[in-house]
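Chemist: My questions concern the predicted model and sequence given below.
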Amino acid sequence: MKNLTALEIVEKIKNREFTCEDITRYYLMQIEKYKNKNAVLEVFDDAIARAREMDRLVGLGGDLPKLIGVPMLLKDNIMYKGKVCSSASKLLENYIAPFSATVVERLLDAGVVILGRTNMDEFAMGGSCENSAFGPCKNAHDDTRVSGGSSGGSAVAVALDMCAFALGSDTGGSVRQPASYNGIVGLKPTNSRVSRYGLMAFAGTLDTIGVLSKSVKDNAYIMSIMAGKDDKDSSSSSVPVDDYLMQIKDSIAGKKIALIKECQDLVKQTEQYTLFQKIIGFCQKHGAIVTETSLPEYEDILPTYYTIAPAEASSNMNRFDGIRFQNSVNGDCAESITINTRTSLLGKEVKRRIMLGNFVLSSEYYNDYYLKAKGVADKIKSGFRRILEDNDLIFMPTTYGEAFELNSKTSDPVSMYIEDMFTVTANIIGMPAISIPVSKGAYGLPLGLQIVGAPFDESNIYNMADFITSHLRSNDE
Amino acid sequence: MMNDFKVNIGIETHIELKTRTKAFCGCEHKFGADPNTHVCPVCMGLPGAIPSVNRVAVENTIKAGLLFHGDIQKEFYFERKNYFSPDLPKGYQIVQYSKPICSGGYVELSNGKKILLNRIHLEEATAKVTYDNNDGVSLIDYNRSGVAILEIVSNPNEMSSQEVVEYLDVVRDMVRSAGLSDCIKEDGQFRFDISISISKNNCMGTRVEINNLVSSKDIINAVDYEIDRQMSLLESGGEILQETRIWDSVGETTFTVRPKENVCDYRHIKDPDLKTICITDEDIARLSKELQYR
């Protein structure tokens, strides 16, 4: 049962090679085994019961749902009715979700078994999973290194075979960066492709729910089930959803790949650059056409992101005023309850972003910061659109390098923010992007490649990503 | 002496639209129901819930725009007005600020005078809080949270207290006969704030808002009282403070409730959960027809 993909599990369950309960018990053992990583915050006590229910379905025969009996984990900011959903915050430590996210409903309809919820940076704010109120999650391959964030728990759980796949949310790289640091596949879909209903909002215009998986094919298969219009999220798109798995053709001949000079320059002295040269050579050998193009606005991407995202976050966080949600700290009036609750129950990084957001939205600074950032975002968006008019895909690094050491950046928030240099773009421009494991760095830890595509063109990304992950290693290493 | 003064009066009218459901969720909009029986994750502001716009509320706001000869905008959106209050479950109110549904327009009085409007827009109501019950607790009823509110904002116009009363009567009659709201004042369906500013030259004076007005008699008395108060203050070399005052109908005076120092910075931001709405000429023609054939 070791290291199976979701697609393999479905096959084996259908062929009665093992039961849903068997595979669920295997993963529960794995979760127990890697407890020290702190990837999983809670194992749901009804996982076995749910697995047995799926086994009954298998017993009945007939057409089985697409993910029958596949055990998975949820990031702690995606709601599952009746279960705690805390966003790894003290403030929501005991908050029980009164409804399920649309993605959870769609996956349950497809037959999954939800094993539990995974660790993350509090309210998804962070890039190392060190901002969790319940302690950091450690890298899957090295206990002294970060797992990445904010969906660090989900990435580590997939990498160490604690589940078949996991969900994460990605507002500025929170699926792709931990996927890269732990050597797995993580896709952030086009903004609005997947319903956000039931995801605790960080920044609505940038928030997406993505899949962390062991293979590109799994990711494609699961994304087809999750994506599509949802009446409960009026911002979700009604563009038809492709059968992404069917679009994987095992060929990249004629595909046009663009590289952005400004991104390449940023990694010129690093092992990422050498790796890039190798991948480019590989793609060209298989018939892809690679060109480099310039996008001078790119250097403004980080300040743009760190203006827009906190602005929206500050507003979204208002609802946690200590009046309705447990936990709460008492006071002698409504205002003091709010101040006391937020002061003592929210973590440092969350408070920092609330302050930042309130600052850029204040009437005095709105034009100079927020509006300006929106203007730059539009410029960067049209730059990318222009590139993707002539090209199918853009290749970028996911990160500067391997996972960094725990506590090495916690005292310097800006150095932490710089790590998001390559991932925030896809959220700002609203386009889909994947991170796939392609190599190992000097410390023996995984390195990822990021592939960005045009809006709603997840198919092209999956096809390229599958080709590279299937053939790169065997042919070129 | 008195004739040197220029009196400008601005009026904000808040009208509960008669829609079956609330402005941004599917909950029934019903007055007088048991507390917290018409609520859902959206109007309770629960994390993970996402609002969606009630099309009928938008159309009714457009109709109000047409009734009062305003410019219906082809593109508009909703913004968040951020502030903390126990009656505001999300910590922000969904309002329209920089892109209202309708701008301009006027209300015509019987003497032919046109009271110019600034804008007509749609926003959501807050919840109802009953402070300090017998046992020292405050209670929140979310039934009203998220109910669709039509707001008609006039420009500062030179007008008399009698004309203010007539303006409000005309607005109420027209909105009611168009079927957009029952405008029952006692149920809070028709509320208004009046701002008065007085100056000696052509510059606009400092704005003072008066709340808590219901009857025509109160309006006339309060407006006249406030004009007199401000004039004598200016005459004696005093300074008018920007503030909100409340009319005390028993003592026949106004008193301060919110001085300027407490004015909030609402940090408006376009609501990330709601798309920009586009309206076509055909939509407007259809709504205009619906108004005519009522």
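Modeler: Thanks, I have the structure now. Residues are numbered from 1 along each chain as shown, chains lettered A, B, ... in the order given.

Chemist: Only C-alpha atoms from now on, for both contacts and neighbour counts.
Modeler: OK.

Chemist: Now do the SS call for A:Ala166.
Modeler: The three-state assignment at A:Ala166 reads strand, by DSSP: H, G, I helix; E, B strand; the rest coil.

Chemist: With A:Tyr221 as the reference, measure out to it.
Modeler: With distances taken as C-alpha to C-alpha, to the nearest Å, A:Ala166 is found 13 Å from A:Tyr221.

Chemist: Is B:Val153 part of a helix or strand, or is it coil?
Modeler: B:Val153 ends up strand, using three-state DSSP.

Chemist: Can you get me a residue count around it?
Modeler: 22 (other C-alpha atoms under 10 Å in any protein chain shown).

Chemist: contacting residues for it?
Modeler: B:Gly10, B:Ile11, B:Glu12, B:Thr13, B:Leu117, B:Asn118, B:Arg119, B:Ile120 (C-alpha atoms under 8 Å, 6 or more residues apart in numbering or on different chains).

Chemist: Spatially nearest residue to the fourth one (excluding sequence neighbours)?
Modeler: Counting by C-alpha to C-alpha, 6 or more residues apart in numbering or on different chains, the nearest residue to B:Thr13 once its immediate chain neighbours are dropped is B:Phe192, at 4.3 Å.

Chemist: Helix, strand or coil: sort out B:His121 for me.
Modeler: Here B:His121 is recorded as strand under three-state DSSP.

Chemist: wait, doesn't it sit right on B:Leu150?
Modeler: Yes. Assessed by C-alpha atoms under 8 Å, B:His121 is found in contact with B:Leu150 at 5.9 Å.

Chemist: how about the strands of the stretch 151-294 of chain B, start to end?
Modeler: B:190-199, B:208-211, B:243-248, B:253-259, B:269-270, B:277-278 (DSSP state E, counting those that start in this stretch).

Chemist: Ok, the stretch 51-200 of chain A next?
Modeler: Going by DSSP E, counting those that start in this stretch, the stretch 51-200 of chain A shows strands at A:71-75, A:113-118, A:165-170, A:185-188.

Chemist: In terms of secondary structure, what does the shortest one contact?
Modeler: This points to strand A:185-188. helix A:176-182, strand A:208-213, helix A:216-226, strand A:433-440 (3 or more C-alpha pairs under 8 Å, 6 or more residues apart in numbering or on different chains; DSSP states H and E).

Chemist: ranking the ones you listed by burial, who's on top?
Modeler: Counting by mean count of other C-alpha atoms under 10 Å in any protein chain shown, helix A:176-182 has the highest mean neighbour count of the helices and strands packed on strand A:185-188, with a mean of 34.

Chemist: ok, the spatially closest residue to A:Gly331 that is not a sequence neighbour - how many residues close by?
Modeler: Nearest non-adjacent residue to A:Gly331, counting by C-alpha to C-alpha, 6+ apart: A:Ile337, 4.5 Å away. By other C-alpha under 10 Å, 18 other residues sit near A:Ile337.

Chemist: For A:Glu262, grab the count of nearby residues.
Modeler: Neighbours of A:Glu262 using other C-alpha under 10 Å come to 16.

Chemist: quick revisit: okay, the strands of the stretch 51-200 of chain A, which one's buried deepest?
Modeler: strand A:185-188 (a mean of 33).

Chemist: where along the stretch 1-150 of chain B do the strands fall?
Modeler: Going by DSSP E, counting those that start in this stretch, the stretch 1-150 of chain B shows strands at B:6-16, B:71-72, B:75-76, B:79-82, B:92-95, B:102-103, B:106-108, B:114-124, B:128-130, B:139-141, B:148-154.

Chemist: could I get the fourth one in PDB with only the CA atoms?
Modeler: What follows is strand B:79-82, C-alpha atoms only, in PDB (Å, rounded to 0.1, in the frame of the first residue of the first chain):
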ATOM      1  CA  GLU B  79     -17.500  48.200  -1.400                       C
ATOM      2  CA  ARG B  80     -16.800  47.400   2.200                       C
ATOM      3  CA  LYS B  81     -17.100  50.100   4.800                       C
ATOM      4  CA  ASN B  82     -14.900  48.800   7.600                       C
END
